[in-house]
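In: Structure for the following, please:
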Amino acid sequence: MNVKLMDKSLQSPRSPSTIRSRHRKKSTEAFPNVVKLSDNNLLLNDQNKYKSMWVRTYSSVWMLLCFMLVVYLGHIYLWGMIVVIQILMTSELFNLLRRAHEAKQLPGFRLLNWHFFFTAMLFVYGRMLGQQLMHAVTPDKFFYKLAMRFMKYQMVICYFLYIAGFMWFILTLKKKMYKYQFSQYAWTHMILIVVFTQSSFTAANIFEGLFWFLLPASLISTNDVAAYFFGFFFGRTPLIKISPRKTWEGFIGASVTTVIAAFFLANVLGHYQWMTCPRRDFSTGWLECDPGPYFKPEIFELPKEISQVLPWKEITVLPVQWHALCLGLFASVIAPFGGFFASGFKRAFKIKDFGGSIPGHGGFTDRMDCQMVMAVFAYIYHQSFVIPQYYPVEILFEQILRSLNLEDQELLVTKLKEVMDARNLQH
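Out: Okay, the predicted model is just below:
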C-alpha cells in the first residue's frame, strides 16, 4: 500500500512552480475578449497594424467632416450633437451589465432606466434652456411666461419625477431578483453621474463661446492621434499595464505635440468672433461682440537667446494663447488617465470595447473617455482664471434681464432711482 501511494505521489507532483504556472494559465483565460500583449506585440511589431490604421483613419476622417459641419451650423446644433452622443453613450453603458435572462423577467425595467435618464436631462438642461428661451422672445409672449414658470418650479418638477421613478422601482421589486435589480439601480445612477457631469460642463462651454469647447476637444483629439502615430512608428516601451498598447514614446511625443498645437490653434480660433462670442439665445445668426482683452493681439518680445537664432525679435500673440498652454498641458498629461480608467474598467468586465458603433474606434464611450475629463477642467479653468472676477454693469444687466420679469425690473428701477435721489440730497 505504501508503494502504491508513493507511485501516485510521483505521478502527480504538485511543486510550487507547477501551481504558479496553472494559476497563470487560468488568469489569462479570465479575459477571453482581451488580446494578450507582450513587449513584442506593441504597434511597432503588429503585423495587422496597417489594416487597423486605415480603418481607423477612414472613420476618423468621416467623424471630423461631420463634426466640422455641425460646428459650422452653430451652437444649438452642436449642443444637439452632444445630447445625441449622450444618449448613445448611455445606451452602451446600460447594455454593458444587462443580462437578457433577467431582463425578460422584468418587463418595464428598461423603461425605468430611461425614465431616470430623461429626468436627469431635464434637471441639467432645463434651467439653461429656459434662460436661452427668455432671451429669444419678448416678455409679453406666452413662451417667455412659460419659461419663467418652469424655471421657478424646475427643481420641484424634477424631484417628483425622480420620486416617481424611485416608487416605480420599489413596486417592481421581484423575489429572487433583488440583487440584480439593486445592482442595475446603482449602475444606472453611476452612469447618470458620469455622463451628465461631463455633458453639462460641455454644454456650458459651448454657450460661453465655441472657442472654449472646440479648443479642449481638439486638443484631446490631437493628443490621441499623436499618441497613436508615435506609438505606431516608435513605440517600444510599455507605459501602463492596463493599457498594453500605450507606450512611453507615444505618451511623450503626444504631450509635446499637444502643447505646441494648443499655442497655435488658440491663435487661429481666437481671431474669429464666431468662435469667441457667447451665445445667449436660440438664434443661429452671426455673432458680433467685443472679444475682450484675451482675444486682442499683443506684441511679445522674444528673449535675446531666441531672437539671435530666429529672424524675428517680436511676435504678435493673443493673451489667450498662454492659457491654451495650460489646457494643452492638462490634455496631454492628465486627461489620458480618463482613457486608462476606461481601459481598466473594460478589463474588469472582460470586454474589448464599450460598443461597435465606430469602426476601428469601438463605441462612443470609447471616444469620450478623455473628453469627459477635459470638459470639466476646461469649464473650471475658464471660470477660475479667464472670466473677470468682478461683475461689470453689462453682466449685471444681463442677469437682471434673465432673472426678473418686467414688473420686477420696473420695481428695481424705481428702487435704484430712490437710492440715487437720496444720495444726491445728502451731497
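In: what pLDDT does Arg110 get?
Out: The predicted local confidence for Arg110 comes out at a pLDDT of 87.
In: tell me what the helix or strand encompassing it is packed against?
Out: Assigning secondary structure by DSSP states H and E places Arg110 in helix 109-136. Using 3 or more Cβ pairs under 8 Å, 6 or more residues apart in numbering; DSSP states H and E as the contact criterion, the elements in contact with helix 109-136 are helix 75-96, helix 142-171, helix 178-208, helix 393-403. C-beta here means a position set from N, CA and C on the backbone, and glycine is covered the same way.
In: Please name whichever of these is nearest to Lys296.
Out: Among the helices and strands packed on helix 109-136, the nearest to Lys296 by Cβ to Cβ is helix 393-403 (17.1 Å).
In: next SSE after that closest one?
Out: Using DSSP H and E, the next helix or strand after helix 393-403 towards the C-terminus is helix 406-426.
In: what's the angle between that next one and helix 142-171?
Out: Helix 406-426 and helix 142-171 are oriented at 120 degrees to each other (axes from the mean of the first three to the mean of the last three Cα atoms, to 10 degrees).
In: can you give me how far helix 406-426 is from the chain middle?
Out: 45 Å (Cα atoms, centre = their mean, to the nearest Å).
In: Stretch 192-212 now?
Out: In terms of Cα atoms, centre = their mean, the centre of stretch 192-212 is found 7 Å from the chain centre.
In: how does the chain divide up, domain by domain?
Out: The chain breaks down by automatic domain parsing into domains covering 39-390, 391-427.
In: Between the ones you listed, which has the poorest mean confidence score?
Out: For the domains of the chain, the weakest mean pLDDT is recorded on domain 391-427, namely a mean of 78.
In: Find me whatever residue is spatially closest to the residue positioned nearest the centre of the chain, sequence neighbours aside.
Out: Computing the C-alpha centroid of the chain and ranking residues by Cα atoms, centre = their mean puts Met372 first, at 2.3 Å. Closest residue to Met372 in three dimensions, ignoring its sequence neighbours and counting by Cβ to Cβ, 6 or more residues apart in numbering: Gln198, at 3.6 Å.
In: quick one: contacts for that neighbour?
Out: Contacts here follow Cβ atoms under 8 Å, 6 or more residues apart in numbering; on that basis Gln198 touches Met368, Gln371, Met372, Val373, Ala375, Val376.
In: what do you get if the cut-off is 10 Å, keeping everything else the same?
Out: Residues touching Gln198, when contacts are defined by Cβ atoms under 10 Å, 6 or more residues apart in numbering, comprise 82, 86, 89, 338, 368-369, 371-376, 379.
In: What helix or strand is the residue nearest to the centre of the chain located in?
Out: Under the criterion DSSP H and E, the helix or strand holding Met372 is helix 364-381.
In: That helix - contacts with which helices or strands?
Out: For helix 364-381, the helices and strands in contact under the criterion 3 or more Cβ pairs under 10 Å, 6 or more residues apart in numbering; DSSP states H and E are helix 49-73, helix 75-96, helix 178-208, helix 210-234, helix 320-333, helix 336-348.
In: who wins for proximity to Ile387 among those helices?
Out: Distance to Ile387, taken as Cβ to Cβ, is lowest for helix 178-208 among the helices and strands packed on helix 364-381, at 8.1 Å.
In: What are the buried residues along that closest one?
Out: With burial defined by 16 or more other Cβ atoms under 10 Å, the residues of helix 178-208 counted as buried are 180-181, 184-185, 187-188, 191-192, 194-196, 198-208.
In: follow-up on the earlier one: next, the buried residues of the helix holding Met372.
Out: Buried residues in helix 364-381 (16+ other Cβ under 10 Å): 364-379, 381.
In: rewinding a little: out of the contacts of Gln198, what pair is the most spread apart?
Out: Distances among the contacts of Gln198 were taken as Cβ to Cβ; the most separated pair is Met89 and Tyr379, at 18.6 Å.
In: related to what we said a few turns ago, distance of the residue nearest to the centre of the chain from Gly209?
Out: The gap separating Met372 from Gly209 is 20 Å, by Cβ to Cβ, to the nearest Å.
In: now do Ile260
Out: Distance from Ile260 to Gly209, by Cβ to Cβ: 23 Å.
In: Mind checking which of these two has more residues around it?
Out: Each of Ile260 and Gly209 had its neighbours counted (other Cβ atoms under 10 Å), and the higher figure belongs to Gly209 (25 against 14).
In: picking up where we left off before, what's the closest of the helices and strands packed on helix 364-381 to Gly108?
Out: helix 178-208 (11.8 Å).
In: Just want the angle from that closest one to helix 336-348.
Out: Here helix 178-208 points in a direction 160 degrees away from that of helix 336-348 (the same axes, to 10 degrees).
In: how far off helix 210-234 does helix 178-208 point, in degrees?
Out: If you take the same axes, to 10 degrees, helix 178-208 sits at 110 degrees to helix 210-234.
In: Helix 178-208 relative to helix 364-381, how many degrees between them?
Out: Orientation of helix 178-208 against helix 364-381 (the same axes, to 10 degrees) gives an angle of 50 degrees.
In: correct me, but Arg98 touches Gln181?
Out: No - assessed by Cβ atoms under 10 Å, Arg98 is found out of contact with Gln181, at 12.0 Å.
In: what is in contact with the two at once?
Out: When Cβ under 10 Å, 6+ apart defines a contact, the residues bordering Arg98 and Gln181 alike are Phe109.
In: any residues touching stretch 376-395, and which ones?
Out: When contacts are defined by Cβ under 10 Å, 6+ apart, stretch 376-395 is touched by residues 197-198, 200-205, 208-209, 211-213, 215-217, 219, 290, 292-294, 319-320, 323, 326-327, 330-331, 334-335, 338, 371, 398-399.
In: For that stretch, list the C-alpha coordinates in PDB.
Out: In PDB, the C-alpha atoms belonging to stretch 376-395 read as follows (Å, rounded to 0.1, in the frame of the first residue of the first chain):
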ATOM      1  CA  VAL A 376     -14.800  69.600 -16.700                       C
ATOM      2  CA  PHE A 377     -11.300  71.000 -16.400                       C
ATOM      3  CA  ALA A 378     -11.900  73.500 -19.300                       C
ATOM      4  CA  TYR A 379     -15.100  74.800 -17.600                       C
ATOM      5  CA  ILE A 380     -13.400  75.100 -14.200                       C
ATOM      6  CA  TYR A 381     -10.300  76.800 -15.700                       C
ATOM      7  CA  HIS A 382     -12.400  79.300 -17.700                       C
ATOM      8  CA  GLN A 383     -14.500  80.200 -14.600                       C
ATOM      9  CA  SER A 384     -11.500  80.500 -12.300                       C
ATOM     10  CA  PHE A 385      -8.800  82.200 -14.500                       C
ATOM     11  CA  VAL A 386     -10.400  83.700 -17.600                       C
ATOM     12  CA  ILE A 387     -13.700  85.400 -16.900                       C
ATOM     13  CA  PRO A 388     -13.500  88.500 -14.700                       C
ATOM     14  CA  GLN A 389     -13.900  88.000 -11.000                       C
ATOM     15  CA  TYR A 390     -15.800  91.300 -10.700                       C
ATOM     16  CA  TYR A 391     -19.300  91.900 -12.100                       C
ATOM     17  CA  PRO A 392     -19.400  94.700 -14.700                       C
ATOM     18  CA  VAL A 393     -22.600  96.600 -15.500                       C
ATOM     19  CA  GLU A 394     -23.100  94.600 -18.600                       C
ATOM     20  CA  ILE A 395     -23.100  91.200 -16.800                       C
END
